[in-house]
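**Student:** compute the structure for the input listed below.
(one chain, ligands or ions: 1)
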Amino acid sequence: MEAPQQQSLDAKRAESSRPFHGEGIIKDPNLAAMHRERCNTIVNDAKELRERGVSLGPFLEIGAGSAQRSIALLNNFPTDGVATDISLQSLRDSRYILSLMNYARKPMLICCDAHHIPFMANTFQFVFAYQALHHFENPIPVVAECYRVLGKGGYFYFNEEPMDSPVLRLLRGNRSLSRPPTRLQRLGYKLRVEKIFWDDGAWERSLGMTEARFDIGLWREALRPFSRVSLEISRRLRLHTDLHRPLLNTLLASITGGNVKGPCEKAEGEPASSDFRERLICLDCRSTQLVQEGGGLLCANCRRAYPIIDGIIRLLPRAIEAQLYPASSSN
Ligand SMILES: [Zn+2]
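**Tutor:** Residues are numbered from 1 along each chain as shown. I've put the predicted structure just below:
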């Protein structure tokens, strides 16, 4: 069955209703440790990427959660950028990340949908995502948006994403948890061995978020626009491969699956040169004439208003805004 081009509204709603943790980020030792670890991971990844010639900015992060990774990047490297997430509540947690990590600098924060990134094409040199793509049933339209906003010579980097193996797929019967469970999955839940099918994501599942496992074919399809794809697949085996080439490692990876990460280079387009702040666009008319007015942003071209809440700009398509944030949705 073909996956839809758009994530369902229910899945978007589940993503957007992730809870606000606030002080819990500092006071709950598990949460604090998790965020510290995430900060360390991106700092280590960024060092390695920089050595490989990847420019770290201007950057855009999708599925940023409480923006801990963007914040760590910004406070450890001379760069600037934007953290985005569909959950306003999660982004509001970013101020507690600053206290937890003793950091001062904050990225631009935008509550948006990764299917509709509110920036002109060729705006960023570095677009990244951690534990994000597998929360979409279909990665193709989201990766296409990341590709669009990247400038020539820019890199899309992702990490902490699962690649499916044929054995697991056969056991599980489907790729995404948003589908009804198969008979074998129901038995697995009963016997409490569901980790065989879904190696993690119990918390996400409880919120109704999509958990998907893409096989190598779908990864290849999603990453097809990039000129160079340098992936490392499986934490244990560390298989280095370019999905575009029929290497032995590609074949091995298609069998083993496992964690997948790596930078993908965009060779086409225009270099990202000007200030990303000037390249923010209105989702209704695509104009860049967004001006501060009445505590929010107003499109001077079509008059659509976008709210700013706790310093976070909410820039969603009208239909999605009305569904996810009905009480406060603008006009
Ligand atoms: Zn407009």
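
**Student:** only C-alpha atoms for contact and neighbour calcs from this point on.
**Tutor:** OK.

**Student:** so Ile26 lies in a strand, does it not?
**Tutor:** No - Ile26 is assigned helix when assessed by DSSP: H, G, I helix; E, B strand; the rest coil, not a strand.

**Student:** gap between it and Ala129?
**Tutor:** With distances taken as CA to CA, to the nearest Å, Ile26 is found 24 Å from Ala129.

**Student:** could you do Gly217 as well?
**Tutor:** 20 Å.

**Student:** the two: which is more packed in?
**Tutor:** A direct count of neighbours by other CA atoms under 10 Å for Gly217 and Ala129 places Ala129 higher, at 20 against 11.

**Student:** that one belongs to a helix?
**Tutor:** No - when classified by three-state DSSP, Ala129 is found to be strand rather than part of a helix.

**Student:** got a list of what it touches?
**Tutor:** Shown in contact with Ala129 (CA atoms under 8 Å, 6 or more residues apart in numbering): Glu61, Ile62, Gly63, Ala64, Tyr157, Phe158, Asn159.

**Student:** from the residues you listed, which is closest to the ion?
**Tutor:** Of all those, Ile62 has the smallest distance to the ion: 22.7 Å, by CA to the ion.

**Student:** give me phi/psi at the closest one?
**Tutor:** Backbone torsions for Ile62, taken as degrees, to the nearest 10, come to phi -110, psi 150.

**Student:** which residues does it contact?
**Tutor:** Ala83, Thr84, Asp85, Ala114, Val127, Phe128, Ala129, Ala132.

**Student:** and these as a markdown table, adding pLDDT and distance to the ion?
**Tutor:** Listed next are the contacts of Ile62 as a markdown table, based on pLDDT from 0 to 100; distance: CA to the ion, whole Å:
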| residue | pLDDT | distance to the ion |
| --- | --- | --- |
| Ala83 | 98 | 22 |
| Thr84 | 98 | 20 |
| Asp85 | 98 | 21 |
| Ala114 | 97 | 19 |
| Val127 | 98 | 25 |
| Phe128 | 98 | 27 |
| Ala129 | 98 | 28 |
| Ala132 | 95 | 29 |
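
**Student:** list only buried entries from these.
**Tutor:** Ala83, Thr84, Asp85, Ala114, Val127, Phe128, Ala129, Ala132 (16 or more other CA atoms under 10 Å).

**Student:** my read: the third one touches Ala64, true?
**Tutor:** Meaning Asp85. Yes - with contact defined as CA atoms under 8 Å, Asp85 reaches Ala64; the gap is 5.4 Å.

**Student:** overlap of the contact sets of those two?
**Tutor:** Leu91.

**Student:** is it true that Gly153 touches Glu268?
**Tutor:** Yes - between Gly153 and Glu268 there is a contact under CA under 8 Å: 7.5 Å.

**Student:** more neighbours: the two, which one.
**Tutor:** Taking neighbours as other CA under 10 Å, Gly153 and Glu268 compare with Gly153 leading, 21 against 16.

**Student:** what ranges do the helices span in the stretch 201-331 of the chain?
**Tutor:** 202-207, 216-222, 248-256, 318-324 (DSSP state H, counting those that start in this stretch).

**Student:** please name whichever of those is nearest to the ion.
**Tutor:** helix 318-324 (11.5 Å).

**Student:** near the ion, which residues of the chain? Just list them.
**Tutor:** Taking CA under 5 Å from the ion as the measure of proximity, the chain contacts the ion at Cys282, Asp284, Cys285, Cys299, Cys302.

**Student:** can I get those in JSON lines including neighbour count and pLDDT?
**Tutor:** Formatted as JSON lines, these follow (neighbours: other CA atoms under 10 Å; pLDDT from 0 to 100):
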{"residue": "Cys282", "neighbour count": "27", "pLDDT": "98"}
{"residue": "Asp284", "neighbour count": "14", "pLDDT": "97"}
{"residue": "Cys285", "neighbour count": "13", "pLDDT": "97"}
{"residue": "Cys299", "neighbour count": "22", "pLDDT": "98"}
{"residue": "Cys302", "neighbour count": "14", "pLDDT": "97"}
